[in-house]
Every structure is written in structure tokens, then in C-alpha cells.
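The following block contains a protein sequence and its predicted model.
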Amino acid sequence: MAQSRKFVAKKNAWDGLGLAMKIYLPLSIISFFNEAINGQFCMWHECDYPPYYAVPRILAMLFGLILLITAGVSRAKLETHQKSYAWGLVLGVLIGIAMFLFISAVGWLQSD
């Protein structure tokens, strides 16, 4: 049976932050292992990276863009979202990107 809108709990800032962390934490772990196995510092010569090497970076940028667009759209849906939900998403994207970069750097330092 469908619930009326006044009984549906609105999403708040913690929901937005949690959504971003659910995306960026597994992606950061994947990037850690990717950098630990394939990471090399190549400046003056060509490096042979596997075809999947850039996938975690591309996904991090894509999910960041999607979450920021979702934050903008959610500001117009005040019947299901609180205003703080958008700020939670923005803060989650910022923390998620910082976490992604830090964990990727640690993985790169672990590489041979």
C-alpha cells in the first residue's frame, strides 16, 4: 500500500554524505590495488599501462559529476529532500575525492 507524502521521511545531510561514501570507498579500494599493481612513475619514457588503468579515475570523476548534478536537482525537491541533503552530497564528494586521491597515492607508493 502506498504511503502518503507527509509520512515519508525526508533525506537529510547524513543521507547525502552516506551516499557519496558508499560510492567513493569501494572505488578508492579498487584504485589502491590498481596503483599497487600497475602504478609506475614515468616522466621521460613511455610506460605500458594496461587498458583498464584509467578506469577508477574516470569513474571517480563521473560519479562526482553525477552526485553534484543530483545535489543541484535535490534542492528543487523540498517535498522529499531537506536543503541540507544537497550540502551533504557536496561535502561527501569533496571528502570522497580527497580520500580517493590519498588512498591512490598510498597504493602508488606500495608499487614495485
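Structure's in. What do you need? Residues are numbered from 1 along each chain as shown.

quick one: contacts for L68?
Residues in contact with L68 (CB atoms under 8 Å, 6 or more residues apart in numbering) are 89-90, 93. Placement of C-beta: from N, CA and C, glycine included.

Point out the ones among those residues that are inside helices.
Taking DSSP state H as the definition of helices, the contacts of L68 contribute 89-90, 93.

Let's have the residues you listed in CSV, adding distance to A71, neighbour count and pLDDT.
CSV is the format used below for these (distance: CB to CB, whole Å; neighbours: other CB atoms under 10 Å; pLDDT from 0 to 100):
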residue, distance to A71, neighbour count, pLDDT
L89, 4, 26, 90
V90, 5, 18, 92
V93, 8, 25, 95
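
Adding distance to Y53, write those residues out as CSV.
Formatted as CSV, the ones in helices among the contacts of L68 follow (distance: CB to CB, whole Å):
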residue, distance to Y53
L89, 28
V90, 29
V93, 23
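
Out of those, flag the one nearest to Y52.
Using CB to CB, V93 is the member of the ones in helices among the contacts of L68 that lies nearest Y52, at 23.7 Å.

wait, isn't the closest one in contact with L62?
No. V93 is not in contact with L62 according to CB atoms under 8 Å; the separation is 11.8 Å.

Out of the contacts of L68, which is nearest to N12?
For the contacts of L68, the minimum distance to N12 (CB to CB) is 11.1 Å, reached by L89.

how much space between that closest one and Q40?
Counting by CB to CB, to the nearest Å, the separation of L89 from Q40 is 35 Å.
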